[in-house]
Structures are given as C-alpha cells and as structure tokens.
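[1] The following comprises the amino acid sequence and a computationally predicted model.
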Amino acid sequence: MSLSFEKELKHAIPPHAQYGVELCRNIDKWYEKRPQDLDEAYHVLRSMLLKMRSANASDLDMGGPGCNKAIWFRVFGVKKPVPDMGEFTNIETAAIILSWLSESQKTILYEHHSVDFSINIEEEDVNYRFRTTVYFDNLYPCVNFRRINEKIFPLDVLAIPKPILDRMDLRYEKVGLVLVTGITGSGKSTTLDSIIDMNNRNSQAHIVIVAHPIEYVHKSRLCIVRHREVALDVNSFQEGAIQALRQDPDIIMVGEMRDPQTISIVLEITDSGHKTFTTLHTSSAIDSIHRIVAEFPPEEQERIRNRLADVLTVIISQKLVPTVDNKLILAKEILSVDSSVQAAIRNKNIGEIYQMMIEGRKAGMTTLEQDLHRLYRSGLITNRTAMNYANNKIRMMQLLSASA
C-alpha cells in the first residue's frame, strides 16, 4: 500500500526542508505539478479508512516518529500496530495526510499546528464518517481518525431508565440542561446522538447542533435539524449558542463546555427557556458540578451555583468498560435533579448528592458503582473490572462483598 512516488518525492525535497510546515509546503508544490500523485495518496488513505471499518476499529493513527512507521488501530479499547497494513516513512504519511486536506484546513494546520474536521466517504450507497485531528509529532504531520457510527443506538440499548428518558424528551420537559460527561473516548457523542435522535422522532420542533467537528449528521424527521460546525459555519461554540437563540430553536446542543464563557452561555440559553444538551470532561456527576462551579472566580461561584441549580435536570456520567469477551460496554452514573439536589447545590452540600443517587433508583438514578455491580451480577464484566473502573473503590468493594 506504499506510495509509488515516495522515493522521488523525498529526493526532490532538500534535506533541510524535510520537517514541519516547510515539508508540508514542499509536498503541496509537488502535488500542484503531479496531480496524479495526489489522487494516488488520496485513494491509499481511503482504502485504509475502509479497512479500519471492516476491522471494527474505533480509531486509526498514522504518521510521525511515534507510530514507528506503522498504522495503528484501536479495537475494543486496545490500540496496537497492524502489520499487514505495511510500513510508511514519515514523508510518505505526510503526503497521504495532506492529500485529504482542503486549502483552508492546511492554513489552519500551518498556523496552529493542529486542525480538527470531519470527513465523509461514500461506498456502495453508505456514507462513512470520521472525526479527524491532524497535528505534528516531532516536526512531522500525524493524524487520528475516530470512526463515527453509521447508525444511532436506541436509548433502550444503552439501558437508560424510562424516568430519565422522559426528562430528556421534549414532549415531557420543554426546558432544562442535560449533561453527558466522561473522559475522551467514553462514548459521549454516541449517547448525545441517541438523545437527539429520540427527540427528532418524537417531537415536531427545531434542533440546532453546534459542534467541532460535526460527527453524525441527523436527517430531519419530525424536527428540523441544523448542523453548525465551529470554524466552518460559526466562529465558536459561544457564538453558535448565542446565534441559535435567534433561530427559533426548541433544542440546542453545544458540543462541549470548554471554558467559563461557554458555560455561562449554556446556562443563559437554558435559563431563557430552551432544552440544552452538552458534554463535559468529568468522570462523575459530583465532579461535573464541582468542575462547573470551579471554572469561575470565588466571587462569582455562588451566582453560578444558583443558576446551575435552577436549570440542571440530568447528568449522565459514563465509561466504556471491557467485557468478559473483550468487547466494551457502557457503565454510567445518572443524576436526576429534584428539589433536594437543587438545595444541595445551592447550599454547597454537593457531597450529599452521592447518597441521593444511591437512594434514587425509582427516579432512574444510579451511582457508577451500582451500575458496575449490575454489569458484574449479569456476568458481563469481572469483579476486577468493576473495581478498576469504579470512582468510589470502598463503595464498590462493599457491593461486591455483599454479592459474594
């Protein structure tokens, strides 16, 4: 699968220019004179991405010294090189990566040394989408492709209780903030897409999605669904959220709360009478509340606590954990905000919320430890996995001991 022109290309680039942005610009010049080579590199990468899907890989990594000339796949959480994909030099992978970048994407890469976007491949009337990050590793371009599922998982497959489904459904609650949290690669986007799809099928409304990049593209069904990609359709998450208020939305999805400005705007648009969905990089419901408040200076934190208590309705904190058959399954913590939780947030008694989740099963609540225990009792995960992925190790040990 190597490029037929790799040796010619390397010979044509002066040794002192075979690094960094200068290397990329020389490859650009090569492609201007040799468009057939651009086409070859494009199709090599296309075949890699299609093979990634057939291998059931969630991620593909290539380029830079860190990959050691190999193509790497992540399959069911394990990342490893794929020997039958062949070996590629750093100049070769740079040429392959650049063959997929538009001029505007190259401009961003050369200026900021990183660029995020999504790509689409059509094969046999099926659209395959990938979230893409191109960056530099020791002065060589490298890339990560994250596979986006072609199909939406129904929420009942994710084992989310009906009381929580109702709170996220526009038919039953018209306003409120829903947070889906977890570390990178924990399936937050998949869960959000399932929630959006549920509303798209159940309500006649208008959904505005502001994301970077756009991953799954929802077809308008009962809802009008607008997709606004940061850096292409709108300048920032903040501007996208503010502009959405003038677009007659019922639901606004903000891809991620990355900074105090975005958090403030998300709280504001929810408080103005909208249903809002967003994500946060935290590992538990309690951590999510602490994180939001801590993003602000002390003199503003009481105001933020009160606003958060007023608008927050649901937090789903999730992890993908390995099963006994070496696949992955969703483990989650769910908080449904009621008057007791609101009072705990306002009064700085956030530590009390854990006990409320333990006792809130009828309302659809669960702690991560309870959900891991459920998976263990069902024979889907081992007790060691439950302990490894628990946030509260002591509580997890108690649950496992009680069922021994």
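    Cool, got the structure.
[2] which residues touch Thr181?
    Thr181 makes contacts with 188, 279-285, 287-288, 315-318, as judged by C-beta atoms under 8 Å, 6 or more residues apart in numbering. All C-beta spots, glycine's among them, are computed from the backbone N, C-alpha and C.
[3] One more pass at 6 Å, please.
    Leu280, Thr282, Ser288, Ser317 (C-beta atoms under 6 Å, 6 or more residues apart in numbering).
[4] While we're on it, how confident is the model there?
    You'll see Thr181 listed with a pLDDT of 98.
[5] Give me the distance between it and Gln247.
    Look at Thr181 and Gln247: by C-beta to C-beta, to the nearest Å, they are 26 Å apart.
[6] again, but for Val337
    27 Å.
[7] okay, those two: which has more neighbours?
    Using other C-beta atoms under 10 Å as the criterion, Val337 and Gln247 rank with Val337 on top: 27 against 12.
[8] wait, doesn't that one sit right on Asp310?
    No - in this structure, Val337 is not within contact of Asp310 by C-beta atoms under 6 Å, at 9.7 Å.
[9] mind listing the strands for the stretch 101-250 of the chain?
    Secondary structure of the stretch 101-250 of the chain, counting by DSSP state E, counting those that start in this stretch: strands at 114-123, 126-137, 140-148, 176-181, 206-211, 224-229.
[10] would you turn the ones you listed into CSV with distance to Thr93?
    Putting the strands of the stretch 101-250 of the chain into CSV (distance: least, C-beta to C-beta, whole Å) gives the following:
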stretch, distance to Thr93
strand 114-123, 16
strand 126-137, 10
strand 140-148, 7
strand 176-181, 34
strand 206-211, 27
strand 224-229, 26
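[11] Compare those and give me the one nearest Ile252.
    strand 206-211 (5.2 Å; C-beta to C-beta).
[12] Can you give the distance of that closest one from its chain's centre?
    Remark: strand 206-211 is offset 15 Å from the chain centroid, using C-alpha atoms, centre = their mean, to the nearest Å.
[13] what lines up beside it in the sheet?
    strand 224-229 (parallel), strand 251-254 (parallel) (DSSP bridges).
[14] so of those, which one's packed in deepest?
    strand 251-254 (a mean of 26; mean count of other C-beta atoms under 10 Å).
[15] quick one on the thing from earlier: out of the strands of the stretch 101-250 of the chain, which gets nearest to Ile251?
    Using C-beta to C-beta, the nearest of the strands of the stretch 101-250 of the chain to Ile251 is strand 206-211, at 4.5 Å.
[16] Tell me what the nearest residue to His212 once chain neighbours are set aside is bridged to.
    Nearest non-adjacent residue to His212, counting by C-beta to C-beta, 6 or more residues apart in numbering: Val230, 3.6 Å away. For Val230, the beta-bridge partners are Val234 (DSSP bridges).
[17] What confidence value was assigned to Val230?
    pLDDT recorded at Val230 is 91.
[18] Distance-wise, check it relative to Thr323.
    Look at Val230 and Thr323: by C-beta to C-beta, they are 35 Å apart.
[19] swap in Thr191?
    Taken as C-beta to C-beta, the span from Thr191 to Thr323 is 18 Å.
[20] Please say which of those two ends up with more neighbours.
    Thr191 (23 against 16).
[21] what's the burial count for the closest residue in space to Ile289 that isn't next to it in sequence?
    Once flanking residues are discounted, Ile289 sits nearest to Ile350: 5.4 Å by C-beta to C-beta, 6+ apart. Neighbourhood size, Ile350 [other C-beta under 10 Å]: 17.
[22] per-residue confidence for Ile350?
    Looking at Ile350, the pLDDT reads 94.
[23] Kindly report the same for the one 10 residues further on.
    According to the predicted model, the pLDDT of Gly360 comes to 97.
[24] how close does the nearest residue to it once chain neighbours are set aside get to Ile252?
    Leaving aside its sequence neighbours, Gly360 sits nearest to Ser336 (C-beta to C-beta, 6+ apart; 6.5 Å). Ser336 sits 21 Å away from Ile252, taking C-beta to C-beta as the criterion.
[25] can you check Tyr389 too?
    Look at Tyr389 and Ile252: by C-beta to C-beta, they are 32 Å apart.
[26] How about Met356?
    28 Å.
[27] Same check on Ser401?
    Taking C-beta to C-beta, one finds Ser401 at 45 Å from Ile252.
[28] Check Arg307 too.
    16 Å.
[29] again, but for Ile345
    Per C-beta to C-beta, Ile345 is found 22 Å from Ile252.
[30] what's the answer for Leu60, then?
    Taken as C-beta to C-beta, the span from Leu60 to Ile252 is 32 Å.
[31] Arg377 now?
    38 Å.
[32] what does Ser220 give?
    Distance from Ser220 to Ile252, counting by C-beta to C-beta: 16 Å.
[33] One more: Leu101?
    Applying C-beta to C-beta, the value for Leu101 to Ile252 is 30 Å.
[34] same check, this time on Leu330
    Counting by C-beta to C-beta, the gap between Leu330 and Ile252 amounts to 25 Å.
[35] Report how far apart the opening and closing residues of stretch 179-191 are.
    11 Å (C-alpha to C-alpha, to the nearest Å).
[36] packing partners for the helix or strand containing Met52?
    Using DSSP states H and E, Met52 sits in helix 35-54. Packing partners of helix 35-54 (3 or more C-beta pairs under 6 Å, 6 or more residues apart in numbering; DSSP states H and E): helix 90-98.
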